[in-house]
Structures are given as structure tokens and as C-alpha cells.
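>>> Please find the sequence and the predicted model below.
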Amino acid sequence: MPLDRELLDRLGAVVGEDGLVTALEGRLVYECDMHTFYRGMPDVVVLPRRTEQVQAVVRLCRAHRVPVVPRGAGTGLIGGAMAPRGGVMVALNRMNAILEVDLANRCATVQPGLVNLDLTRAVAPRGWLFAPDPSSQMVSTIGGNVATNAGGPHCLKYGITTNHVLGVELVTGTGDVVRLGGKTAERPGYDLLGVVVGAEGTFGLVTAVTVRLLHAPEAVKTVLAPFRTIADASETVSAIIAAGIVPAALEMMDATVIRAVNAGLEAGYPEDAGAVLLIELDGPRAEVEVQAARCAALCRAHDALEVRVARDEAERALLWKGRKAAAGAFGRIAPAYLLQDAVVPRSKLPAIMREMEAIAARHRVRIANVFHAGDGNLHPVICYDDRDPDELARARAANDELLRACLAMGGSVTGEHGVGVDKAESLALQYGEADLHFMARLRRVFDPDGLMNPGKLLPAHPACGEGFRPARPAPPAGTWV
Amino acid sequence: MSVAGGTLVAALAEVVGADRVRAAAEPVDGVRPRWVVAPTTVEQVARVLALAADAGLAVIPRGSGSALGLGRPPARAGLVLDLRGLDRVLEDRPDDLTISVEAGLTAGALAARLGARRQWLPVDPPGWRRRTLGGLVATAAAGPLRARYGTLRDLLLGVRFVQADGVVTWGGARVVKSVSGYDVPKLMVGALGTLGVLCELTLRLHPAPDVERTWLVTVPDAEAAAALVAAVADSTLEPSRVELLDAAALRATAAPAGALAVAVAFGSVEEAVAEQGARLEALARAVGGAATVVPDFWERYDAALVAGEGEVVLHVASLPSHLAPTLAAIHGAVGALGPGAGGLVTGCARLGLFRVVLTGAEVEAAARLVTTLREAVAPVEGSVIVHAGPRALRERVDPWGPVAPEVLALLRAVKATFDPAGVLNPGRFVGGL
């Protein structure tokens, strides 16, 4: 349904004509994120520069009962930054300033459109960094990271985005501007900041973020260990964690990915390996040395084919090159693929890997694996040929079965990508009716009209509806008068 | 529907057993509840809450009871829900560094179990061993280890709680990494049980370091302390605790005497602890301080800081960049308390947090001090929370302090959504929620 002229005019008055995208060809680029399966074109895209403009846009949309969809770089993998119900997309890319770097208090305040890596680049000369490092960090925005509560390889040691957000400025679904959290470490009241991070824009639009900065570690050591089988590599991961070592990153790639990566660049991974582990330790030099030696010993004890330790930054970069290129290499594996983001308890890695092989065989699909093994966050890449409808159906069946297998082991349906539309229905597998009902009511606190990124994050389940009443415990018989 | 008193007791007894319902003998923060009910399972908690909600009774959940004086006095008190009977370990996953426990388990009992395998839950507010894990979560309690490990906000992965109407609800996950849906566990941390009664907690554990050693750096003045804390922060040192102690705190911990000190601990492999300690000693010399290794420091620190009867405990949140002026404001205000009164100041210097214990302070004088300190930290958007103290003080000043009106509106909306009738801890939380 096209927007009425009056709303368009008023939006234009708020953001200026150059901040308004109305033409079809202009809007086309906004119709999907990196999960191109899900498409929904906004009726208009606005590009605000200031919080007051965002607030005015939200208020206008509320008055006209029009959905509001936030968007950063569009690198999400869940269909979160597209407009399935049309409406107004608020692209925050022009709000990309670093408002303040406050190293004395180990934090920085930035606008949501700032690219993740640009923050680290700004503070790196002084020896500091912003820890969350999603693979998309060269393009993804900090606002998008906050919305999806993004992770990354190094969140094994440092935690995901929420552990690094100290405060936000939020334009709520009612068009109010609130500041939640801040630089000080304690404050009275519910931890609303904690639920805004990861809310995927369903509570409103984040217009400023105060993030924690960390001092760069003294030393970094990267170890690469190929194994004959993925089972050996999985056992090694469990052994490292069980030995009380929490590496900065602990990544795994299976044979399919190793070959795809090798074909694309000279990563130098052994072709005969069934799996490769990439282990990175950082911290005080003496600690890193001792722990690297312990990790190497554990790798050898689990029959690693070799243990390669990067001697300098150039070698370290080379060892990481293949891992970082993995996502781009998927195209060499298959014409199309489903990327999963499920989690299992890390001690269940060997079990889920066996299960995955069985699932792949059962559905006659190829599943490639490159993932954050240290925290049990799987990224199976289920390959299919999109010209073959039967293969797509089998890939989807395998995907579904895999998700259920992860949940049966006590896992989660998403570790770092988020829910969006892709996982919305899966939430009903992980949560009961009362749990979904709780979340839906929380959403209505921030967005009573249901206009903020509608159709995302929660399933279209009766428990998420307004009239739902979850079951209460029955009173003992005969006690009522 | 209503239930006559006698019938309600019978119903409660049928749920938890007659021996686990009794008439309340003690008031809670000056308000006399009618019954104390001690369930032993989540299902029992749910049924008790359903009964209480239908009968219009306010419910005060309790663990060890150490924080029953936190916040405003309760507006009403129908029954106290004693959760110490929910003390089982539900699922222990040593190789995952996670554990699921019932909320009534004490942190000390958990530590004993985890210590045997060289893991820990790094949460150490004063007196933590005797406190229940549910109580620690509900009060967002944290101690010196937050400097490295964060708080329960960072460690609570999943939570099972019972809503005000008796509906059992689960939020979060049992794995260390999950972004499936809203981060409900965070909403429960520090909510003082006003949104739900915490029953089960899934916690992230950390490996205990091979060695942890503590250097006490005595410094001449607050500027030197601030300079040391800043130098440590702007270095590659990775301390596990960075605590400030004033002269009174040093006396209380029987530590080497001095005007002021910063206790810095490093936990790692022996080589890294020794090496970082040597670097710290150099940083200490550069600010005119002297560093000494103090064995068993944190046990003494913990024992010295548990608040005594009638003492006032304040949490002052400022910024690391304002360490010296905030400390000066605190000491100035303590000095103005009048004869016979005194104060002891500690705190997580790395985060600009202070914990102030006042002894012998008149209510009026303590109230003035709270107001003065709130003004002092207002420019950095800091806060002063009265964590313990006589009821009269918490009636005289809002123990939580001011909250921006638009934020308060959201807090009210959250409470009104999940506990519209005000069953859970009514009146105690921020804004009288």
C-alpha cells in the first residue's frame, strides 16, 4: 500500500529531499539484507542525520499507523532489515559520527551508523579496541551490532555486543527519546538497556551508543592445528575448555570448507585434513605463552596432524586469512546454501557433528562447517542447487532437523545472527507459551502500536497475541469458598 | 474470588506441607507479614503465588535475608516466600563451564563444589558466601571481581521464574551464547524480585586461575590513587580486582597502615602473575606508592566489609576519571556527620564505584550526606543508592535516588505489565514500584 502524499511530504520536510528515497530503483537496494531469501521493499527510505529527525519520523509514522524498519549496513543474515509490510525504512548510515572518545573512562559514544571497524581504527593508535568483531565488521554498523547483539570470533573471551554496551539513546515506539544506561557502572532501575540490546529494532531505534573500549592485549598467539577427522578436532575443543583455557577465539573448519578456501587463495591448509582448528590466545605475554603450549599439547594428544604457531603478525594474518575468507568461499561449494546459526553446549560438539553427518546423509545434502567452536556456536552451511526444487526442500528439511537436534542437546536456535524473520517461528521450538507471552508483553511496553520492525523477532504464535492467557497452576481442590 | 484466612493457610499447607507454613514472627523492614511459606520446588512457588495473587496478598521473596532492608520499606506484606529450600544443583556441566541451580543455593555452597574442579562463579560482594544465588541476582550484587569478570548481568545465561500470577516462565538459554529473543535474564538482574520470583538460574562459570596474588599499594593521596588506577587501565595489565581502601578500611582489614591504598590482584599462570606484579610495582613507584604482597587479603577484606547492625551502606557510582574528587566529596561529607560518627570507604576503583559504610550516624545527618553526595556525582550522571540502613533513613531519603522521568515512565510500564496488582515486593523498588 503506497504511503499517502501528505506523509511523504512531511517526511521530506523532516529529513530534507536529499534524505528521502522514493523512486523504485532507489528502494530496490533496501528490499533485503544478506539473507536474500526474504524480500520486502519499503514504501520510502529516510536517511536522517540527527536524533530529532528520527524522533519526528517515528512520531509521523505512529500518527499514520505505518511500520518503521531500521537499517544499518544491511549485512544481517536473518531478514531483519527489510520491510515485509512496507512502510518507512530508516537507514541510519548518515548518523556515523564518533561523538566522544573517553579513554579515561574506557568508553566511546558513537552514532549508530558508524561502521564497527572504524571505531577500533580510531582508537587503535592509542592502543585500544572495540571488542565485538562480527565477520562483517568492515561494513556492518554499530547500531546494527546492537540491534542483533552481534557476536564474532573473539566473543569467546570477550563476550558479545551486549557485554560492551554501556548505554544507548533510544527513540521508542511511542516516539519518546530515552537514555538508558550510561558511563557509570551502577544505576537504579530495571536493566532496560539489557533488553534493548538484541531487540532488533522492535523496541524502537537506537540513535546513540556508548560502548566499552578495551586496551589491546600485550600479546597475541595464533595456533593452527589440522586433524584427520572432525571428531578429533571436536574432542580437542572440548578438552581445551575443560582444561580451564578460554582462548580469545577458537574456530573450526571442516574438509569441505578447507578445500573451498584453498581453491580461492593460498591459505596453506593441508588438503588431507578432515578439520582445522584455529586457536587464538591473547593477554599478558607470559600467560599467552603458557596457554599456547598447553593448547598445543592438547592438540597433539588428540592426534593433530601438525601444530603450527604463528611466529609474527604476517603469519598470524595468513592463518586467519582462510577463516575470514570462508564466507566468501561458500559460493565455490554450491550455487546456493542455507546458513545456520544454532548453538549446542560445547561439550556436545562431538555428538552434534556425528548427528550432522547422519542428517546430511539422510537428506542427501552436503553440509559444510565453519564455526565458533569454542562457544558451541555452529554455522553449518547446507548446500543446495537452487534450480532443483527437490534439493531445496531437502536442504530445508535438513536445516529444520539440525535445529531440533541442537535444541534437544540443550542448545539455542541462534547464537549471534539474531532472530529476524528467519528464526521467528523457530523461537516457538525453544520457548514455551508463557515465555513467548512474556516477551510479547515486554515488546508492547516499548511499542504499544506494534509498528516497530513488525513481523520480526517473535513468531506469529497465539501466545504473542494480546488476548492470550497462559495456563496458571490450579489451586488445591476444595480450598475455595 | 476470595479466600478466608484459615482456608488460605490450609491451601498453602496443602501446597508446601504444614511444616513449611508458619505465622510470621518478625516484621520485614517494619511491616508485619502474616505467614512465612517455604516451598521446595518451582511448582510449589507457582501454586503459592497463584494463591497469594488471588487472595490479594503481597509476597516478599527472600533468600538469606541479608538484603531485606534494601530499597524502600514494603508497602504491604502478606507472606514471605522463603526460598532457601530450593537449593538443588539441577544440571552441572563442568566441561561447558555452565551450571543450572536452584535460586536458594548459597554462593558458598556453589563455590565449594566448583573449587574442587578449579572453576568459579566470580561474584564476591561482601558476605557473598552466606547469600543465596537468587538473592545475589535479584539485588545485582557485585564485588571486587567485577573489575575483570563483570557482574551477574554478564554471567546469568538463563532463568526460570514465576510471575506474579503464578505462571512459570523461562528466559534466556542454557548455553554460553544465545540471542534467541529478548534477553529476559538481564531484566531480572537487580529487579529485586518485583517482576518474578527467581527459581532456577543457569550461570556461566569461569576457570579459576592457577594463581591469584594481591598487591596492596599504599599511596600518599587520592590523586596518586587515581593516577595509579589510570596507569593500570591504560596498560596491558589484566588485573582481576582493583579496589580502593581508605585509612578506615585499611584498619578494618588489618592491612598495612596508610592514608589510602589500592589493592590490585592478578590471576593467571604463575609466570604472568609474577611478571604483572613486577610491572605494577614500577607503576606504584612512579606515583609515589609502595606495593606489598598481602596473602589471604580478600578473605579479610570480605569479613571486614559485611555491614553490621544499624550501619548505613551506600553505593556511590561515579567515573574513574573522577576518582579523586568523588573520594574528596565522600570524605568531606563523612567529616560533616558530627561527633561519634565515621565512615569507611572502599570500592571498585577501576569502574569509579565506591562503597561507603557509615557508623554512628544520626538519620538526619546521614540523609544530608546522601543528598550532598547525589549533588556531587550529578555532573557525571552518577548515583547514590542506600543499600542498607535504618528504615527511618530510607523514609527520609529515597534509597534509590532520582531517575529521569521518561525512564521512570518505562520502569512503571514494565512493572504494570508484569505485576499490575502489585503482588511482588510492592513499594520497595525504584519509584515505589
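That came in fine, so what should we check first?
>>> Which parts of the stretch 51-200 of chain A are strands?
Counting by DSSP state E, counting those that start in this stretch, the stretch 51-200 of chain A has strands at residues A:68-71, A:88-91, A:98-102, A:107-110, A:128-129, A:165-172, A:177-181.
>>> So which residues on the stretch 1-150 of chain B come close to chain A?
Residues of the stretch 1-150 of chain B lying close to chain A by CB under 8 Å from any CB of the partner chain are B:1-4, B:7-8, B:10-11, B:14-15, B:43, B:46-47, B:50-51, B:54, B:93-98, B:118-119, B:140, B:146, B:150. Where C-beta positions appear, they are placed from N, C-alpha and C, glycine not excepted.
>>> Tell me how far the one residue in the stretch 1-150 of chain A that gets nearest to chain B lies from residue A:98.
Taking CB to the nearest CB, chain B has its nearest neighbour within the stretch 1-150 of chain A at residue A:104, 3.9 Å off. Separation of residue A:104 from residue A:98 (CB to CB, to the nearest Å): 16 Å.
>>> Need the three-state assignment for residue 263.
Using chain A. The three-state assignment at residue A:263 reads helix, by DSSP: H, G, I helix; E, B strand; the rest coil.
>>> my bad, chain B
Secondary structure, three-state DSSP: residue B:263 is strand.
>>> need the residues of the stretch 251-400 of chain A near chain B, please.
Residues of the stretch 251-400 of chain A lying close to chain B (CB under 8 Å from any CB) are A:283-287, A:289-291, A:343-347, A:372, A:375-377.
>>> ok, now with 6 Å
Counting by CB under 6 Å from any CB of the partner chain, the stretch 251-400 of chain A comes close to chain B at A:283, A:284, A:286, A:287, A:290, A:343, A:345, A:346, A:347, A:375, A:376, A:377.
>>> I figured the third one hits residue B:272, correct?
This means residue A:286. Yes: with contact defined as CB atoms under 6 Å, residue A:286 counts as touching residue B:272 (3.8 Å).
>>> Residue of the stretch 51-200 of chain A nearest chain B, please.
For the stretch 51-200 of chain A, CB to the nearest CB, closest residue to chain B: residue A:194, 2.7 Å.
>>> What ranges does the stretch 101-250 of chain B have for its helices?
B:107-115, B:133-138, B:146-149, B:152-155, B:184-188, B:222-233, B:247-252 (DSSP state H, counting those that start in this stretch).
>>> CA atoms of the fifth one as CSV?
The C-alpha trace of helix B:184-188 is given here as CSV (Å, rounded to 0.1, in the frame of the first residue of the first chain):
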residue,chain,number,x,y,z
VAL,B,184,15.0,-11.7,29.7
PRO,B,185,17.6,-12.7,32.2
LYS,B,186,19.0,-9.2,32.2
LEU,B,187,15.6,-7.8,33.1
MET,B,188,15.7,-10.0,36.2
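>>> can that helix be found next to chain A?
Yes: Helix B:184-188 lies within reach of chain A by CB under 6 Å from any CB, at B:186, B:187.
>>> By proximity to chain A, which residue of the stretch 101-250 of chain B wins?
residue B:186 (2.7 Å).
>>> Now for residue 51, how many residues are close by?
No chain specified, so I'll use chain A. Applying other CB atoms under 10 Å in any protein chain shown, we find 18 residues neighbouring residue A:51.
>>> Sorry, I should have been clearer: chain B.
Residues near residue B:51, counting by other CB under 10 Å, number 25.
>>> That one and residue B:9 touch, don't they?
No: under the criterion of CB under 6 Å, residue B:51 makes no contact with residue B:9, lying 10.1 Å away.
>>> To what extent is residue 103 buried, counted in neighbours?
You didn't say which chain, so I picked chain A. Residue A:103 has 17 nearby residues by other CB under 10 Å.
>>> right idea, wrong chain: chain B
A count of neighbours around residue B:103, defined by other CB under 10 Å, yields 28.
>>> ok, now which ones touch it?
Each residue near residue B:103 by CB atoms under 6 Å, 6 or more residues apart in numbering or on different chains is listed here: B:83, B:86, B:133, B:134, B:198, B:199, B:201.
>>> contacting residues for residue B:228?
So residue B:228 contacts B:262, B:287 (CB under 6 Å, 6+ apart).
>>> On the pLDDT front, check it for me.
pLDDT for residue B:228: 98.
>>> And for residue B:305?
At residue B:305, the pLDDT value in this model is 88.
>>> quick one, domains of chain A?
Domain ranges of chain A: A:5-91, A:98-215, A:217-332, A:427-464, per automatic domain parsing.
>>> Could you tell me the end-to-end distance of the shortest one?
Pointing back at domain A:427-464 there. 11 Å (CA to CA, to the nearest Å).
>>> And it, what's buried?
A:427-443, A:445-447, A:450-459, A:461, A:463-464 (16 or more other CB atoms under 10 Å in any protein chain shown).
>>> That one near chain B at all?
Yes: part of domain A:427-464 sits near chain B under the criterion CB under 6 Å from any CB, namely A:427, A:430, A:434, A:435, A:438, A:439, A:441, A:442, A:445.
>>> Which element, helix or strand, includes the fourth one?
Using DSSP states H and E, the secondary-structure element containing residue A:435 is helix A:433-446.
>>> tell me the angle of that helix relative to strand A:177-181?
For helix A:433-446 against strand A:177-181, the angle by axes from the mean of the first three to the mean of the last three CA atoms, to 10 degrees is 130 degrees.
>>> Between which two of the residues of domain A:427-464 next to chain B is the distance greatest?
Comparing every pair within these by CB to CB identifies A:430 and A:445 as the most remote, at 22.0 Å.
>>> okay, now residue 216: neighbour count?
The chain I'm using is chain A. Neighbours of residue A:216 under the rule other CB under 10 Å: 15.
>>> ah, I was thinking of chain B
That count, for residue B:216 with other CB under 10 Å as the rule, works out to 24.
>>> Alright, that wraps it up for me.
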